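Participant: just need the structure, nothing else, for what follows:
(one chain, ligands or ions: 1)
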Amino acid sequence: MKHKPIIIANWKMNKSNSEALYYLETLKQYPKELQKAIIIIAVPFTALSDMHKAISRINTKDIKLISLAAQNMHQEKAGAFTGEVSCKMIKEAGCEYVIIGHSERRQYCNETNDLINKKLKYALDNDIIPILCIGETLEQRNNKNFLKYITVQLKECLAGIKASDARRMIISYEPIWAIGTGKNASPQQAEEMHAFIKNFILQNYTKKIADEIRITYGGSVNENNISLYLHMLDINGVLIGGASLDVETFVRIIGNSTKYNK
Ligand code: PEP
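Facilitator: Numbering: from 1, shown residues only. Presented below is the predicted three-dimensional model:
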C-alpha cells in the first residue's frame, strides 16, 4: 500500500509575511483535506518565523497538518556571506525541510552540483530534511541525453552522502521544461524517471533505501492532474509552484489528490 502522498508548495519569491499568514488563516479551515497528505509549505525567509508560530497553533501533539520548509540555505555554518541565510537560522525559524538545488537557483544563482552536495550534507548533518531538485532541459530531453544528465546530477549531488542520510531525503524530479510552463510531463514520463531515480538509488545504496526514499514530481501540477501522478507506483508526491499560490486552488489540489479518474 502507498503511504500518504507528500504535497510540497513552493511559493518562490511570492507573499510577504502578512500575506503568508492570511493564506494560512484560510488553509487551516480545511483540517480534513490537510490530513490527506503530508503538506510542506516552502515560504520566503521573511515569513518563516511567524508562519512557524502560526503553524504550531494548528498542529497538535498527535496530528501534524502542515510542515515548514525554506527554499534555500547557505552551505557554510556562519560568516562573512552578506545576504545569505544559514542552516541554523532556518532551523531556529522552525523549518523541518529545505529545498536544495531548485532549477531556478541553478539557473539564476549558478548553483552547481558540487555546491548542492555541500548544502545537502550540511542540512542532513543538522537534521533538516533536504528536498533535492533535479531535472533536465527540453534540449537535453529532445537530444535523448537526459538520462545521462540526470545520472550525473544524482552522482554529483549525492557524492559522499551515507546511506543513513540518503534514506531521509526527498528527491524531486522536476523537468525544467515543465516548470511554470503549463506543459507538464505526462504521468508516464514522470513515472519512467522516478523508476530510473529509484534504480540509481538501488544501484548506489540498497533496495531498502530505494524503497524508503521519497521521490516527488514537480512541473505544472494542478488540481486536474495531481491524482494521475499520485496513482503512479514510484511517485510519492508532488512539488507545486504556481498552482499553490492561491489558497482555494491549493485546497482543491489537496482534495483531488485522492480522487483518481483515468
Ligand atoms: C516549482 O516551483 O518547482 C514548480 C514545479 O513550479 P510549477 O508548479 O509552477 O511548475
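Participant: low-confidence ranges, the stretch 1-150 of the chain, go.
Facilitator: Residue ranges of the stretch 1-150 of the chain with pLDDT under 70: 1.
Participant: how about the contacts made by whatever residue of it ends up closest to the ligand?
Facilitator: Per C-beta to the nearest ligand atom, residue 10 is where the stretch 1-150 of the chain lies closest to the ligand, at 4.1 Å. Heads up, the C-betas are built off the backbone N, CA and C, glycines and all. Listed by C-beta atoms under 8 Å, 6 or more residues apart in numbering, the contact set of residue 10 reads 42, 71, 99, 102, 218, 239-241, 244.
Participant: cutoff 10 Å now
Facilitator: Contacts for residue 10 (C-beta atoms under 10 Å, 6 or more residues apart in numbering) come out as 40-43, 69, 71, 99, 102, 104, 131, 133, 172, 174, 179, 218, 239-242, 244-245.
Participant: same check, this time on residue 108
Facilitator: residue 102.
Participant: the stretch 101-250 of the chain against the ligand: which residues are in contact?
Facilitator: The stretch 101-250 of the chain comes close to the ligand at residues 102, 174, 179-180, 218-221, 239-243, as judged by C-beta under 6 Å from any ligand atom.
Participant: sitting in strands, which of the residues you listed do you find?
Facilitator: Among these, the members falling in strands (DSSP state E) are 218, 239-240.
Participant: what's the closest of the residues you listed to the ligand?
Facilitator: residue 218 (3.4 Å).
Participant: and the closest one, what are its bridge partners?
Facilitator: As for beta bridges, residue 218 partners with residue 239 under DSSP bridges.
Participant: that one: how many residues sit nearby?
Facilitator: Using other C-beta atoms under 10 Å, residue 218 has 28 other residues around it.
Participant: that one contacts residue 237, correct?
Facilitator: Yes: counting by C-beta atoms under 10 Å, residue 218 does reach residue 237; the two are 9.5 Å apart.
Participant: tell me the contacts of the nearest residue to residue 187 once chain neighbours are set aside?
Facilitator: Nearest residue to residue 187, sequence neighbours excluded (C-beta to C-beta, 6 or more residues apart in numbering): residue 228, at 4.4 Å. Contacts for residue 228 (C-beta under 10 Å, 6+ apart) come out as 184, 186-188, 190-191, 221, 235, 260-262.
Participant: again with residue 52
Facilitator: Contacts of residue 52 by C-beta under 10 Å, 6+ apart are 43, 67-68, 92-96.
Participant: ok, residue 106 next?
Facilitator: Residue 106 sits next to 112-113, 115-116, 133-135, 153, 176 when contact means C-beta under 10 Å, 6+ apart.
Participant: I'd like to know the beta-bridge partner residues of the residue of the stretch 1-150 of the chain closest to the ligand.
Facilitator: residue 42.
Participant: returning to that earlier point: name the nearest of the contacts of residue 228 relative to the ligand.
Facilitator: The ligand lies nearest to residue 221 out of the contacts of residue 228, by C-beta to the nearest ligand atom, at 5.5 Å.
Participant: separation between that closest one and residue 249?
Facilitator: As judged by C-beta to C-beta, to the nearest Å, residue 221 and residue 249 stand 11 Å apart.
Participant: compare the two and say which is more crowded by neighbours.
Facilitator: residue 221 (29 against 15).
Participant: which non-adjacent residue is nearest the residue in the stretch 151-262 of the chain that the ligand sits nearest to?
Facilitator: Residue nearest to the ligand within the stretch 151-262 of the chain: residue 241 (2.3 Å; C-beta to the nearest ligand atom). Nearest residue to residue 241, sequence neighbours excluded (C-beta to C-beta, 6+ apart): residue 10, at 4.9 Å.
Participant: alright, that wraps it up for me.
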